[in-house]
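Trainee: What follows is a predicted structure for the sequence shown.
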There are 2 protein chains.
Amino acid sequence: MPARANTQTKTDKARSAKTSRIQVENRAAIAGAAIREFSLRGYHGATIDAIADRAGMSKPNLLYYFPSKEAIYHCVLEQIVEEWLSPLLTLQVNGDPIEELRRYITLKMQMSADQPDASRLFASEIIAGAPILKDFLQTRLRSLVEEKASILQTWIDQGKLAPIDPVHIIFTIWATTQHYADFAAQIEAVTDGQSEKAGFHEQASQAVLTILLNGIKPR
Amino acid sequence: MPARANTQTKTDKARSAKTSRIQVENRAAIAGAAIREFSLRGYHGATIDAIADRAGMSKPNLLYYFPSKEAIYHCVLEQIVEEWLSPLLTLQVNGDPIEELRRYITLKMQMSADQPDASRLFASEIIAGAPILKDFLQTRLRSLVEEKASILQTWIDQGKLAPIDPVHIIFTIWATTQHYADFAAQIEAVTDGQSEKAGFHEQASQAVLTILLNGIKPR
DNA sequence: CAACATTTTGACCAATTGGTCTAACTCCTT
DNA sequence: AAGGAGTTAGACCAATTGGTCAAAATGTTG
């Protein structure tokens, strides 16, 4: 009955009635806290208490907004996935292949830098066998990959890219860009914290762009 | 007192007294089961009961061999890390850069294909911020990376590789090769299970080799 | 500011789970 | 084959934790 059960009184006029200011704020706080906790401790390691604490409320209060721990997990995972998809959507067959891919890779590197927790949470889910996302992966993501792979194939056929299975090109881009978020702890340790400094991500971006773009340019 | 407490009677003659056949077997079974459970469910999601079940013994029996859940985790992580290091060790400055790297990448791809669970467990630990491995990463791995990065730098200075920060070359190789193990669930879903078929890993290997080697060859 | 709806939380509960203890059982040695 | 060391597991325990409830506190609206 909370949150969801309302009867849009009258001319559904405008804003609220559905979601009050306080609801919007708290849901956002919970989602943010959940992403952090889940990414840091894994699904089972994260506790509702810890998420509630981080969101600045009591556990029963949190459970007033979400019916269960799993519901929170579902919710944040969905958010992440939605945003995760978007950069790939914009890959257009008309543009210059190298420039299109440069833009895509740059964007993904940016996302890794800006939202590492989200990336790590997604990674955790996949590593665990994608119990929740399996369906999404097999349907929406799969058809999106097929679609974009065919664009890459077109470019390959036009001699604008090296003849490499487009699916592996995509995987390689994902792997490389997300690595900087997912394995941040390793990168930080190995580089003695250099990765925390300003400019590191630009350097990384540059290096990745060089390797990948040269890697798929026709010889 | 078990396992560890023995007093090497007499001329420490030869084999056992320290570890009996049954101990070797059970420890191995536990380690295998633990790698699988930890990689699949994460540290907190894995239960001693499940590990014991998978190893074919009771929980108290398992705890006869390892003092605690954390000890099992430590142990398998150590094993994995040791093996994980080895391929990088062999990178020699004398060899042909491209051939040396081809060998290294091929080996890492092979490890991803052969032991995906180990890769995923390692990935989980890093994603969680490397609470256990932090020290290892900052010491042994870091100096190893520095050492090998300087080899790459030598090759770059000789004009045998493109001028790209060697550390990022290493990260990119790690990212790409491990992706095929860590994100296997995604890859499988997206490729409609093609990744399970024979030959897929050779294809992947080939694609990755092409992209990365071309990516770091001088232009 | 009264009356109603929404939000918040302390106190609880039940299930899970890491770990222990004791007693039985198996294996190896002599 | 006896005896002791080494191995195994059933029954338990205590702590953690997901989730509930009823009552208090706060917001909102006329």
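Mentor: It's in.
Trainee: And residue A:46, its phi and psi?
Mentor: phi -70, psi 140 (degrees, to the nearest 10).
Trainee: Now it. Nearest residue, chain neighbours left out?
Mentor: residue A:37 (4.1 Å; CB to CB, 6 or more residues apart in numbering or on different chains). For every residue, glycine as well, the C-beta is placed using N, CA and C.
Trainee: Could I get the buried residue list for stretch A:207-219?
Mentor: Within stretch A:207-219, the residues that count as buried by 16 or more other CB atoms under 10 Å in any protein chain shown are A:207-217.
Trainee: and if you look at stretch A:110-127?
Mentor: For stretch A:110-127, burial by neighbour count (16+ other CB under 10 Å) applies to A:111-113, A:115-127.
Trainee: For that stretch, output the C-alpha coordinates as PDB.
Mentor: The C-alpha coordinates for stretch A:110-127 follow below in PDB (Å, rounded to 0.1, in the frame of the first residue of the first chain):
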ATOM      1  CA  GLN A 110      34.100   8.100 -18.500                       C
ATOM      2  CA  MET A 111      31.400   6.000 -16.900                       C
ATOM      3  CA  SER A 112      34.000   3.700 -15.300                       C
ATOM      4  CA  ALA A 113      35.600   6.700 -13.800                       C
ATOM      5  CA  ASP A 114      32.400   8.400 -12.700                       C
ATOM      6  CA  GLN A 115      30.400   5.400 -11.400                       C
ATOM      7  CA  PRO A 116      32.700   2.700 -10.400                       C
ATOM      8  CA  ASP A 117      30.400   1.300  -7.900                       C
ATOM      9  CA  ALA A 118      27.600   0.800 -10.400                       C
ATOM     10  CA  SER A 119      30.100  -1.000 -12.700                       C
ATOM     11  CA  ARG A 120      31.200  -3.200  -9.800                       C
ATOM     12  CA  LEU A 121      27.700  -4.100  -8.800                       C
ATOM     13  CA  PHE A 122      26.900  -5.100 -12.400                       C
ATOM     14  CA  ALA A 123      30.100  -7.100 -12.500                       C
ATOM     15  CA  SER A 124      29.200  -8.900  -9.300                       C
ATOM     16  CA  GLU A 125      25.900  -9.900 -10.700                       C
ATOM     17  CA  ILE A 126      27.500 -11.300 -13.800                       C
ATOM     18  CA  ILE A 127      30.200 -13.100 -12.000                       C
END
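Trainee: between the buried residues of stretch A:207-219, which is nearest DNA strand C?
Mentor: Set against DNA strand C, the nearest of those by CB to the nearest atom of the strand is residue A:208 (38.5 Å).
Trainee: Report the separation between the closest one and residue B:215.
Mentor: Distance, residue A:208 to residue B:215, by CB to CB, to the nearest Å: 9 Å.
Trainee: Mutual contacts of the two, please.
Mentor: residue B:172 (CB atoms under 8 Å, 6 or more residues apart in numbering or on different chains).
Trainee: so residue A:122 makes contact with residue A:81?
Mentor: Yes. Between residue A:122 and residue A:81 there is a contact at 7.0 Å, judged by CB atoms under 8 Å.
Trainee: Let me see the mean pLDDT of stretch A:173-187.
Mentor: Stretch A:173-187 shows a mean pLDDT of 98.
Trainee: List of residues touching it?
Mentor: With CB under 8 Å, 6+ apart as the criterion, stretch A:173-187 contacts A:101, A:104-105, A:108-109, A:111-113, A:115-116, A:119-120, A:123, A:195, A:201, A:204, A:208, A:211-212, B:123, B:126-130, B:134, B:137, B:141, B:171-172, B:174-176, B:178-179, B:183.
Trainee: Who's the closest spatial neighbour of the residue positioned nearest the centre of chain A, skipping the chain neighbours?
Mentor: Residue closest to the mean C-alpha point of chain A, counted by CA atoms, centre = their mean, is residue A:84 at 3.7 Å. Take residue A:84 and drop its neighbours on the chain: the residue closest to it by CB to CB, 6+ apart is residue A:122, 6.3 Å away.
Trainee: How about whatever helix or strand residue A:34 lives in and DNA strand D, touching?
Mentor: Using DSSP states H and E, residue A:34 maps to helix A:21-45. Yes. Using CB under 7 Å from any atom of the strand, helix A:21-45 reaches DNA strand D at A:21-22.
Trainee: For that helix, buried residues please.
Mentor: Buried residues in helix A:21-45, defined by neighbour count with 16+ other CB under 10 Å: A:26-27, A:29-31, A:33-45.
Trainee: what's the angle between it and helix B:21-45?
Mentor: Note on geometry: by axes from the mean of the first three to the mean of the last three CA atoms, to 10 degrees, helix A:21-45 and helix B:21-45 are set 180 degrees apart in direction.
Trainee: what does helix A:21-45 contact?
Mentor: By CB under 8 Å, 6+ apart, helix A:21-45 touches A:3, A:19, A:46-47, A:50-57, A:61-62, A:65-66, A:72-73, A:75-76, A:79-80, A:116-118, A:120-121, A:124-125, A:128, B:41-45, B:124, B:127-129.
Trainee: Many thanks, we can stop here.
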